[in-house]
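Undergrad: Whatever this is, show me its structure:
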Amino acid sequence: MKIITVIMGNVFSFPPVLSLLHAFEKMSIDSVLVTTNTTSNISDLKKTKVEIIDVDYEKISSPIIKMINMPSTSRKIWNIIDNYYDDNTIIWVVSDVTIKYLGKKLYKRKYILHLLELSQDLLYYSKLPWPKMNKYKLGNSALAVVVPEYNRAHIIKTWWKLKEIPFILPNKPYNNNIIEKNSIVDDSFANKVLKKIGDKRIILYQGIMSPERPLDVFIDAVDEFQGKYAFVVMSGGDNLYRNCKSPNYYFIPFVNPPKHLQVTSHAYIGVLSYVPTDGTGYSPLNSIYCAPNKTYEYSMFGIPMLGNDIPGLNYLFEMNNCGKCFKSFTKEHICESITYIEENYSSLASNSLSYYDKCDYKELLNEILEEVRGKI
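TA: Purely as a prediction, here's the structure:
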(Lines give C-alpha, C1' and ligand atoms only; values in the text may rest on other atoms or scores of the structure.)
Protein backbone atom coordinates (compact mmCIF):
# COMPACT_ATOMS: atom_id res chain seq x y z
CA MET A 1 0.00 0.00 0.00
CA LYS A 2 1.13 3.53 -0.82
CA ILE A 3 -0.32 6.55 0.98
CA ILE A 4 -0.18 10.12 -0.32
CA THR A 5 -0.87 12.53 2.55
CA VAL A 6 -2.05 15.98 1.46
CA ILE A 7 -2.20 18.99 3.80
CA MET A 8 -2.60 22.69 3.00
CA GLY A 9 -0.29 24.74 5.22
CA ASN A 10 2.90 24.22 7.16
CA VAL A 11 3.01 20.63 8.36
CA PHE A 12 4.65 21.79 11.61
CA SER A 13 1.39 23.58 12.45
CA PHE A 14 -0.37 20.21 12.47
CA PRO A 15 1.16 17.82 15.04
CA PRO A 16 -1.45 15.12 14.21
CA VAL A 17 -0.09 15.02 10.64
CA LEU A 18 3.46 14.57 11.90
CA SER A 19 2.24 11.69 14.09
CA LEU A 20 0.58 10.12 11.07
CA LEU A 21 3.73 10.35 8.96
CA HIS A 22 5.93 8.92 11.72
CA ALA A 23 3.51 6.02 12.13
CA PHE A 24 3.58 5.30 8.39
CA GLU A 25 7.36 5.13 8.58
CA LYS A 26 7.25 2.80 11.58
CA MET A 27 4.78 0.57 9.73
CA SER A 28 7.02 0.55 6.60
CA ILE A 29 4.27 2.09 4.45
CA ASP A 30 5.34 3.72 1.19
CA SER A 31 4.59 7.34 2.04
CA VAL A 32 4.44 10.64 0.15
CA LEU A 33 3.70 14.04 1.74
CA VAL A 34 2.25 16.82 -0.41
CA THR A 35 2.21 20.16 1.41
CA THR A 36 2.46 23.88 0.71
CA ASN A 37 5.27 25.10 2.95
CA THR A 38 8.91 24.19 3.29
CA THR A 39 9.45 21.00 5.22
CA SER A 40 13.11 20.49 4.45
CA ASN A 41 13.97 20.22 8.17
CA ILE A 42 11.85 17.11 8.79
CA SER A 43 15.08 15.21 9.27
CA ASP A 44 13.52 12.23 11.04
CA LEU A 45 11.25 11.33 8.11
CA LYS A 46 13.79 9.17 6.32
CA LYS A 47 11.43 7.14 4.14
CA THR A 48 8.80 9.73 3.27
CA LYS A 49 9.02 11.52 -0.07
CA VAL A 50 8.19 15.19 0.56
CA GLU A 51 6.71 17.27 -2.26
CA ILE A 52 6.21 21.00 -1.72
CA ILE A 53 3.77 23.18 -3.65
CA ASP A 54 5.24 26.64 -4.28
CA VAL A 55 2.39 28.40 -2.43
CA ASP A 56 2.85 29.80 1.07
CA TYR A 57 -0.78 29.20 1.90
CA GLU A 58 -0.69 30.35 5.53
CA LYS A 59 0.77 33.76 4.66
CA ILE A 60 -2.01 34.59 2.20
CA SER A 61 -4.35 36.48 4.52
CA SER A 62 -6.94 37.48 1.93
CA PRO A 63 -9.68 34.87 1.37
CA ILE A 64 -10.36 36.45 -2.03
CA ILE A 65 -6.77 35.86 -3.18
CA LYS A 66 -6.95 32.29 -1.92
CA MET A 67 -10.15 31.81 -3.94
CA ILE A 68 -8.55 33.27 -7.07
CA ASN A 69 -5.46 31.09 -6.68
CA MET A 70 -7.41 27.93 -5.84
CA PRO A 71 -7.72 26.47 -9.38
CA SER A 72 -4.00 26.83 -10.18
CA THR A 73 -2.98 25.51 -6.75
CA SER A 74 -5.36 22.58 -7.17
CA ARG A 75 -3.80 21.71 -10.54
CA LYS A 76 -0.32 21.75 -9.01
CA ILE A 77 -1.39 19.42 -6.23
CA TRP A 78 -3.06 17.00 -8.59
CA ASN A 79 -0.06 16.99 -10.95
CA ILE A 80 2.08 15.75 -8.06
CA ILE A 81 -0.52 13.24 -6.88
CA ASP A 82 -0.89 11.80 -10.37
CA ASN A 83 2.88 11.25 -10.59
CA TYR A 84 2.66 8.84 -7.64
CA TYR A 85 -0.85 7.47 -7.85
CA ASP A 86 -1.53 3.88 -8.94
CA ASP A 87 -4.04 1.15 -8.13
CA ASN A 88 -2.31 0.47 -4.81
CA THR A 89 -2.50 4.10 -3.62
CA ILE A 90 -4.72 5.85 -1.07
CA ILE A 91 -4.91 9.64 -0.77
CA TRP A 92 -5.05 10.64 2.91
CA VAL A 93 -6.72 14.08 2.85
CA VAL A 94 -6.13 16.07 6.05
CA SER A 95 -8.48 18.96 6.98
CA ASP A 96 -11.55 20.47 5.37
CA VAL A 97 -9.37 23.15 3.73
CA THR A 98 -7.43 20.51 1.81
CA ILE A 99 -10.69 18.86 0.72
CA LYS A 100 -11.71 22.13 -0.97
CA TYR A 101 -8.48 22.26 -2.97
CA LEU A 102 -8.76 18.66 -4.17
CA GLY A 103 -12.43 19.05 -5.07
CA LYS A 104 -14.62 16.70 -7.09
CA LYS A 105 -11.67 14.92 -8.66
CA LEU A 106 -11.43 12.99 -5.39
CA TYR A 107 -14.45 10.94 -6.45
CA LYS A 108 -12.28 9.26 -9.08
CA ARG A 109 -9.64 8.23 -6.53
CA LYS A 110 -9.40 6.08 -3.41
CA TYR A 111 -9.22 8.44 -0.45
CA ILE A 112 -9.57 8.87 3.30
CA LEU A 113 -10.91 12.09 4.87
CA HIS A 114 -9.18 13.10 8.11
CA LEU A 115 -11.10 15.95 9.76
CA LEU A 116 -9.04 17.78 12.38
CA GLU A 117 -11.89 20.15 13.22
CA LEU A 118 -15.66 19.76 13.53
CA SER A 119 -16.94 20.93 10.14
CA GLN A 120 -20.69 21.15 9.76
CA ASP A 121 -20.42 22.36 6.16
CA LEU A 122 -17.64 22.43 3.58
CA LEU A 123 -17.65 26.06 2.49
CA TYR A 124 -15.21 27.46 -0.02
CA TYR A 125 -15.31 30.73 1.94
CA SER A 126 -16.24 30.46 5.62
CA LYS A 127 -18.05 33.79 5.77
CA LEU A 128 -20.34 33.05 2.84
CA PRO A 129 -23.09 30.38 2.98
CA TRP A 130 -22.50 29.48 -0.67
CA PRO A 131 -20.98 27.72 -2.56
CA LYS A 132 -20.79 24.50 -0.60
CA MET A 133 -19.19 21.19 -1.37
CA ASN A 134 -21.34 18.07 -1.27
CA LYS A 135 -20.31 16.71 2.14
CA TYR A 136 -22.75 13.81 1.88
CA LYS A 137 -21.21 12.48 -1.32
CA LEU A 138 -17.64 13.26 -0.21
CA GLY A 139 -18.06 11.50 3.11
CA ASN A 140 -19.85 8.42 1.81
CA SER A 141 -17.51 8.04 -1.17
CA ALA A 142 -14.45 7.95 1.09
CA LEU A 143 -12.89 4.65 2.09
CA ALA A 144 -12.96 6.03 5.64
CA VAL A 145 -13.66 9.21 7.56
CA VAL A 146 -11.33 9.84 10.50
CA VAL A 147 -11.89 12.20 13.45
CA PRO A 148 -9.98 12.64 16.72
CA GLU A 149 -12.76 12.28 19.31
CA TYR A 150 -15.78 10.09 20.12
CA ASN A 151 -18.48 12.80 20.25
CA ARG A 152 -17.20 14.32 17.03
CA ALA A 153 -17.56 10.95 15.31
CA HIS A 154 -21.30 10.81 16.08
CA ILE A 155 -21.85 14.50 15.28
CA ILE A 156 -20.13 14.19 11.88
CA LYS A 157 -22.09 11.02 11.11
CA THR A 158 -25.30 12.95 11.76
CA TRP A 159 -24.35 16.17 9.96
CA TRP A 160 -22.86 14.42 6.94
CA LYS A 161 -25.47 11.61 6.81
CA LEU A 162 -22.72 9.01 6.78
CA LYS A 163 -23.55 5.34 6.45
CA GLU A 164 -20.83 4.45 8.95
CA ILE A 165 -19.50 6.09 12.13
CA PRO A 166 -16.09 7.71 11.48
CA PHE A 167 -12.99 6.10 12.88
CA ILE A 168 -11.47 7.73 15.96
CA LEU A 169 -7.73 8.41 15.79
CA PRO A 170 -6.79 10.56 18.82
CA ASN A 171 -4.38 13.45 18.43
CA LYS A 172 -1.68 11.60 20.31
CA PRO A 173 1.97 12.38 19.48
CA TYR A 174 3.73 9.54 17.71
CA ASN A 175 7.41 9.78 16.83
CA ASN A 176 10.72 8.05 17.35
CA ASN A 177 12.05 10.66 19.78
CA ILE A 178 12.16 9.71 23.45
CA ILE A 179 11.91 12.84 25.59
CA GLU A 180 12.37 12.47 29.32
CA LYS A 181 10.77 14.44 32.14
CA ASN A 182 12.67 17.72 32.75
CA SER A 183 14.55 17.19 29.50
CA ILE A 184 17.41 19.36 28.24
CA VAL A 185 15.90 22.12 26.08
CA ASP A 186 17.64 22.73 22.76
CA ASP A 187 15.79 25.94 21.88
CA SER A 188 18.01 28.77 23.16
CA PHE A 189 15.21 31.28 23.82
CA ALA A 190 13.08 28.73 25.67
CA ASN A 191 16.11 27.69 27.68
CA LYS A 192 16.73 31.28 28.78
CA VAL A 193 13.09 31.64 29.86
CA LEU A 194 13.26 28.46 31.93
CA LYS A 195 16.40 29.74 33.66
CA LYS A 196 14.58 33.00 34.52
CA ILE A 197 11.71 31.01 36.00
CA GLY A 198 14.08 29.20 38.32
CA ASP A 199 12.37 27.20 41.08
CA LYS A 200 8.83 28.35 40.34
CA ARG A 201 6.45 25.54 39.42
CA ILE A 202 5.38 25.92 35.80
CA ILE A 203 1.70 26.08 34.86
CA LEU A 204 1.92 25.75 31.08
CA TYR A 205 -0.40 26.60 28.22
CA GLN A 206 0.81 25.55 24.77
CA GLY A 207 -1.11 26.22 21.58
CA ILE A 208 -2.69 29.05 19.66
CA MET A 209 -3.70 32.28 21.38
CA SER A 210 -7.14 33.59 20.41
CA PRO A 211 -10.43 34.81 21.92
CA GLU A 212 -11.55 31.16 21.79
CA ARG A 213 -8.81 30.33 24.29
CA PRO A 214 -8.81 33.01 27.03
CA LEU A 215 -5.75 32.99 29.29
CA ASP A 216 -5.70 36.31 31.13
CA VAL A 217 -7.60 34.98 34.15
CA PHE A 218 -4.96 32.24 34.58
CA ILE A 219 -2.32 34.94 34.94
CA ASP A 220 -4.40 36.66 37.63
CA ALA A 221 -4.93 33.37 39.45
CA VAL A 222 -1.25 32.41 39.42
CA ASP A 223 -0.35 35.80 40.91
CA GLU A 224 -2.45 34.93 43.96
CA PHE A 225 0.11 32.28 44.93
CA GLN A 226 2.82 34.92 45.51
CA GLY A 227 5.53 33.58 43.23
CA LYS A 228 5.06 29.87 43.86
CA TYR A 229 4.02 29.32 40.24
CA ALA A 230 4.96 30.69 36.83
CA PHE A 231 2.32 30.88 34.11
CA VAL A 232 4.04 30.07 30.82
CA VAL A 233 2.55 30.36 27.35
CA MET A 234 4.27 28.61 24.44
CA SER A 235 2.67 29.69 21.18
CA GLY A 236 3.33 30.45 17.54
CA GLY A 237 1.06 33.50 17.65
CA ASP A 238 1.63 37.01 18.94
CA ASN A 239 2.21 37.48 22.65
CA LEU A 240 -1.23 38.87 23.41
CA TYR A 241 -0.38 39.50 27.06
CA ARG A 242 2.96 41.22 26.53
CA ASN A 243 1.74 44.31 28.37
CA CYS A 244 0.57 42.53 31.51
CA LYS A 245 2.44 43.55 34.67
CA SER A 246 2.58 40.13 36.24
CA PRO A 247 6.04 39.02 37.45
CA ASN A 248 4.88 35.43 37.01
CA TYR A 249 3.97 35.50 33.30
CA TYR A 250 6.41 34.19 30.68
CA PHE A 251 6.12 33.73 26.92
CA ILE A 252 7.99 31.26 24.71
CA PRO A 253 7.61 31.62 20.91
CA PHE A 254 6.83 28.61 18.73
CA VAL A 255 9.25 25.70 18.99
CA ASN A 256 9.20 23.18 16.14
CA PRO A 257 7.70 19.79 17.06
CA PRO A 258 8.77 17.50 18.56
CA LYS A 259 11.32 19.73 20.34
CA HIS A 260 8.51 21.76 21.91
CA LEU A 261 7.94 18.70 24.11
CA GLN A 262 11.30 19.38 25.73
CA VAL A 263 9.70 22.51 27.19
CA THR A 264 6.49 20.64 28.04
CA SER A 265 8.51 18.16 30.07
CA HIS A 266 9.24 20.89 32.65
CA ALA A 267 5.58 21.70 33.36
CA TYR A 268 3.92 21.02 36.72
CA ILE A 269 0.34 21.59 35.50
CA GLY A 270 -0.94 21.71 31.90
CA VAL A 271 -3.66 24.20 30.96
CA LEU A 272 -6.52 23.78 28.46
CA SER A 273 -8.91 26.63 27.70
CA TYR A 274 -11.85 26.50 25.26
CA VAL A 275 -14.74 28.93 24.82
CA PRO A 276 -17.14 28.84 21.82
CA THR A 277 -16.52 31.95 19.74
CA ASP A 278 -18.06 33.30 16.54
CA GLY A 279 -15.94 33.88 13.47
CA THR A 280 -13.80 30.75 13.64
CA GLY A 281 -15.40 29.18 10.57
CA TYR A 282 -16.40 26.11 12.59
CA SER A 283 -19.40 25.11 14.68
CA PRO A 284 -19.34 26.20 18.36
CA LEU A 285 -19.39 22.46 19.12
CA ASN A 286 -15.82 22.39 17.85
CA SER A 287 -14.76 23.97 21.16
CA ILE A 288 -17.23 22.14 23.39
CA TYR A 289 -16.08 18.73 22.12
CA CYS A 290 -12.43 19.62 21.79
CA ALA A 291 -9.86 16.98 20.92
CA PRO A 292 -6.57 18.63 21.81
CA ASN A 293 -3.24 16.94 21.24
CA LYS A 294 -2.23 18.88 24.37
CA THR A 295 -3.91 16.28 26.60
CA TYR A 296 -1.45 13.68 25.31
CA GLU A 297 1.49 16.07 25.24
CA TYR A 298 0.92 16.84 28.91
CA SER A 299 0.11 13.29 29.95
CA MET A 300 3.21 11.97 28.19
CA PHE A 301 5.10 13.34 31.20
CA GLY A 302 2.45 12.56 33.82
CA ILE A 303 1.40 16.20 34.07
CA PRO A 304 -2.02 16.82 35.72
CA MET A 305 -4.32 19.05 33.69
CA LEU A 306 -6.43 22.12 34.42
CA GLY A 307 -9.30 23.25 32.20
CA ASN A 308 -12.72 24.83 32.02
CA ASP A 309 -15.93 22.85 32.38
CA ILE A 310 -16.85 21.54 28.91
CA PRO A 311 -17.75 17.97 27.88
CA GLY A 312 -14.52 17.44 25.94
CA LEU A 313 -12.48 18.01 29.11
CA ASN A 314 -14.81 17.14 31.98
CA TYR A 315 -15.54 13.59 30.81
CA LEU A 316 -11.86 13.02 30.10
CA PHE A 317 -10.74 14.23 33.53
CA GLU A 318 -13.50 12.38 35.39
CA MET A 319 -13.03 9.07 33.56
CA ASN A 320 -9.26 9.14 34.02
CA ASN A 321 -8.93 11.23 37.21
CA CYS A 322 -6.03 13.06 35.59
CA GLY A 323 -7.06 16.69 35.96
CA LYS A 324 -9.53 19.23 37.30
CA CYS A 325 -12.16 21.39 35.59
CA PHE A 326 -13.05 24.73 37.18
CA LYS A 327 -16.65 25.92 37.26
CA SER A 328 -16.20 29.27 35.54
CA PHE A 329 -13.50 31.63 34.31
CA THR A 330 -12.93 33.41 37.61
CA LYS A 331 -9.73 33.87 39.54
CA GLU A 332 -11.28 32.25 42.60
CA HIS A 333 -12.39 29.07 40.80
CA ILE A 334 -9.06 28.64 39.05
CA CYS A 335 -7.19 29.11 42.33
CA GLU A 336 -9.40 26.46 43.96
CA SER A 337 -8.61 24.03 41.14
CA ILE A 338 -4.87 24.67 41.32
CA THR A 339 -5.00 24.00 45.07
CA TYR A 340 -6.95 20.79 44.46
CA ILE A 341 -4.33 19.58 41.98
CA GLU A 342 -1.56 20.47 44.42
CA GLU A 343 -3.22 18.49 47.22
CA ASN A 344 -3.85 15.43 45.02
CA TYR A 345 -0.80 15.74 42.82
CA SER A 346 0.66 12.25 43.16
CA SER A 347 -2.49 10.37 42.13
CA LEU A 348 -3.39 12.86 39.37
CA ALA A 349 0.11 12.65 37.90
CA SER A 350 0.07 8.85 37.96
CA ASN A 351 -3.36 8.76 36.32
CA SER A 352 -2.27 11.28 33.70
CA LEU A 353 0.55 8.96 32.65
CA SER A 354 -1.87 6.00 32.58
CA TYR A 355 -4.20 7.97 30.29
CA TYR A 356 -1.32 8.43 27.87
CA ASP A 357 -0.17 4.83 28.01
CA LYS A 358 -3.55 3.20 27.39
CA CYS A 359 -3.96 4.82 23.95
CA ASP A 360 -2.21 2.63 21.35
CA TYR A 361 -1.97 5.01 18.39
CA LYS A 362 -0.31 2.54 16.06
CA GLU A 363 -2.92 -0.15 16.76
CA LEU A 364 -5.80 2.27 16.13
CA LEU A 365 -4.23 3.40 12.86
CA ASN A 366 -3.68 -0.21 11.82
CA GLU A 367 -7.38 -0.96 12.43
CA ILE A 368 -8.29 1.86 10.03
CA LEU A 369 -5.89 0.59 7.37
CA GLU A 370 -7.10 -3.01 7.72
CA GLU A 371 -10.69 -1.84 7.20
CA VAL A 372 -9.65 0.17 4.17
CA ARG A 373 -7.70 -2.72 2.64
CA GLY A 374 -10.90 -4.74 2.68
CA LYS A 375 -12.61 -2.12 0.52
CA ILE A 376 -9.93 -1.76 -2.15
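Undergrad: Buried by neighbour count: which residues of stretch 136-155 qualify?
TA: Judged by neighbour count (16 or more other C-beta atoms under 10 Å), stretch 136-155 contains these buried residues: 138-139, 142-153, 155. To be clear about C-beta, it is placed using only N, CA and C from the backbone, and glycine gets the same treatment.
Undergrad: Now intersect those with the strands, please.
TA: With DSSP state E as the criterion, strands contain Ala144, Val145, Val146, Val147 from among the buried residues of stretch 136-155.
Undergrad: and Ile179, how many neighbours does it have?
TA: 18 (other C-beta atoms under 10 Å).
Undergrad: where's Lys259 relative to Gly279, distance?
TA: According to C-beta to C-beta, to the nearest Å, Lys259 and Gly279 sit 32 Å apart.
Undergrad: Looking at the two, which is more packed in?
TA: Shown here are Lys259 and Gly279; by other C-beta under 10 Å, Lys259 has more neighbours (15 against 10).
Undergrad: Surely that one touches Asp186?
TA: Yes - Lys259 is within contact range of Asp186, at 5.6 Å (criterion: C-beta atoms under 8 Å).
Undergrad: Spatially, which two of the buried residues of stretch 136-155 are the most separated?
TA: Leu143 and Asn151 (23.0 Å; C-beta to C-beta).
Undergrad: those helices in the protein, which residues are they?
TA: 15-26, 63-84, 96-102, 135-141, 150-159, 188-197, 216-223, 260-264, 285-288, 294-299, 311-320, 331-343, 345-357, 361-373 (DSSP state H).
Undergrad: TSV for these, including distance to Tyr111 and mean pLDDT?
TA: Below are those laid out as TSV (distance: least, C-beta to C-beta, whole Å; pLDDT from 0 to 100):
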stretch	distance to Tyr111	mean pLDDT
helix 15-26	14	94
helix 63-84	10	90
helix 96-102	8	94
helix 135-141	8	97
helix 150-159	16	97
helix 188-197	38	98
helix 216-223	41	98
helix 260-264	30	96
helix 285-288	23	93
helix 294-299	26	97
helix 311-320	28	96
helix 331-343	43	98
helix 345-357	31	98
helix 361-373	10	96
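Undergrad: Deepest-packed of those, please.
TA: Mean neighbours per residue, mean count of other C-beta atoms under 10 Å, is largest over the helices of the chain for helix 294-299, with a mean of 25.
Undergrad: Pro170 contacts Tyr361, doesn't it?
TA: Yes - counting by C-beta under 8 Å, Pro170 touches Tyr361, with 7.0 Å between them.
Undergrad: which residues does Leu106 contact?
TA: Each residue near Leu106 by C-beta atoms under 8 Å, 6 or more residues apart in numbering is listed here: Ile91, Val93, Ile99, Leu138, Ser141.
Undergrad: would you turn the residues you listed into JSON lines with distance to Lys59?
TA: Formatted as JSON lines, the contacts of Leu106 follow (distance: C-beta to C-beta, whole Å):
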{"residue": "Ile91", "distance to Lys59": "25"}
{"residue": "Val93", "distance to Lys59": "22"}
{"residue": "Ile99", "distance to Lys59": "21"}
{"residue": "Leu138", "distance to Lys59": "28"}
{"residue": "Ser141", "distance to Lys59": "32"}
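Undergrad: Go through those residues and name the one nearest Tyr355.
TA: Among the contacts of Leu106, and counting by C-beta to C-beta, the member closest to Tyr355 is Val93, at 29.2 Å.
Undergrad: Could you pull up the contacting residues of the closest one?
TA: Val93 touches Val6, Ile99, Leu102, Leu106, Tyr111, Ile112, Leu113, His114, counting by C-beta under 8 Å, 6+ apart.
Undergrad: nearest to Phe12, of these?
TA: Distances from Phe12 to these, taken by C-beta to C-beta, are shortest for Val6, at 16.0 Å.
Undergrad: Go ahead and confirm that closest one touches Trp78.
TA: No - counting by C-beta under 8 Å, Val6 stays clear of Trp78, with 9.8 Å between them.
Undergrad: Common neighbours of the two, please.
TA: Leu102.
Undergrad: And for the residue lying closest to Tyr150 once chain neighbours are set aside, the neighbour number?
TA: Spatially, and ignoring its direct neighbours in sequence, Tyr150 is nearest to Ile168 (5.9 Å; C-beta to C-beta, 6 or more residues apart in numbering). Using other C-beta under 10 Å, Ile168 is surrounded by 17 other residues.
Undergrad: just to revisit the earlier point, wait, which of the contacts of Leu106 is closest to Asn321?
TA: The closest of these, once distances to Asn321 are taken by C-beta to C-beta, is Val93, at 36.7 Å.
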